[in-house]
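*Asks:* here is a sequence with its predicted model. Questions after.
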Amino acid sequence: MSDKPVHLTAGGPPETILPEIDPHANAELETALSIGEPATRRREILLVVARYPTMLAGWASVGDTSSPGIEAYMAYRVGYHRGLDSLRANSWRGSGYVRWRNASNRGFLRCLAGLAKHARLIGETSEAVRCEQFLTQLDPSGDATHLLR
């Protein structure tokens, strides 16, 4: 059983807020993302993720810089599963909110939305629909649904 607190909300299910990203990892990712040449930027992002394999924003960035379709799908899927592991380690029990307004949740939500988009591209329509619904359930405010566009 986790000793992490469960954040209750006044109007519904509990809310999970993932821990903040390590500042050093975040700085390295920001440096990699600032590289202008796409192939070099992608290579540097991959190096950062290799050093910090649990950094969800890193996996989302790998997906963002991947070729559309199966390559991006694979990166987002890894980030999504890493994110589920992190959510569970932080008191999430399969339901409740994971809101975009909390910056530390954004890497996971980006991976989930990317997985939905690229599942649709490769013809995994049922998975795309499940991921889209899951995104809406996690943040019913709609703040994260902009990622599906």
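*Replies:* Yes, it's here.
*Asks:* how about the helices in the chain?
*Replies:* 23-33, 38-51, 56-64, 70-89, 106-121, 125-138 (DSSP state H).
*Asks:* looking at the chain, which helix or strand is least sure?
*Replies:* Taking mean pLDDT, DSSP states H and E as the measure, the helix or strand of the chain with the lowest value is strand 7-9, at a mean of 56.
*Asks:* where are the low-confidence patches of this protein?
*Replies:* Residues of the chain that meet the criterion pLDDT under 70 lie in 1-11.
*Asks:* closest one to Arg149 among the helices of the chain?
*Replies:* Set against Arg149 and scored by Cβ to Cβ, those come closest in helix 106-121, at 8.9 Å. Just so you know, the C-beta spots here come from the backbone N, C-alpha and C atoms, and that holds for glycine as well.
*Asks:* for that closest one, packing partners?
*Replies:* helix 56-64, helix 70-89, helix 125-138 (3 or more Cβ pairs under 8 Å, 6 or more residues apart in numbering; DSSP states H and E).
*Asks:* tell me the angle of that helix relative to helix 125-138?
*Replies:* Using axes from the mean of the first three to the mean of the last three Cα atoms, to 10 degrees, the inter-axis angle of helix 106-121 relative to helix 125-138 is 150 degrees.
*Asks:* format the CA atom coordinates belonging to helix 106-121 as CSV.
*Replies:* What follows is helix 106-121, C-alpha atoms only, in CSV (Å, rounded to 0.1, in the frame of the first residue of the first chain):
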residue,chain,number,x,y,z
ARG,A,106,1.3,16.7,-19.0
GLY,A,107,3.9,14.2,-20.2
PHE,A,108,1.5,11.4,-19.5
LEU,A,109,-1.5,13.1,-21.1
ARG,A,110,0.6,14.0,-24.1
CYS,A,111,1.6,10.3,-24.5
LEU,A,112,-2.1,9.2,-24.1
ALA,A,113,-3.3,11.7,-26.8
GLY,A,114,-0.4,10.8,-29.1
LEU,A,115,-1.2,7.1,-28.7
ALA,A,116,-4.8,7.9,-29.6
LYS,A,117,-3.9,9.9,-32.7
HIS,A,118,-1.4,7.4,-34.0
ALA,A,119,-3.5,4.3,-33.2
ARG,A,120,-6.1,5.9,-35.5
LEU,A,121,-3.4,6.4,-38.2
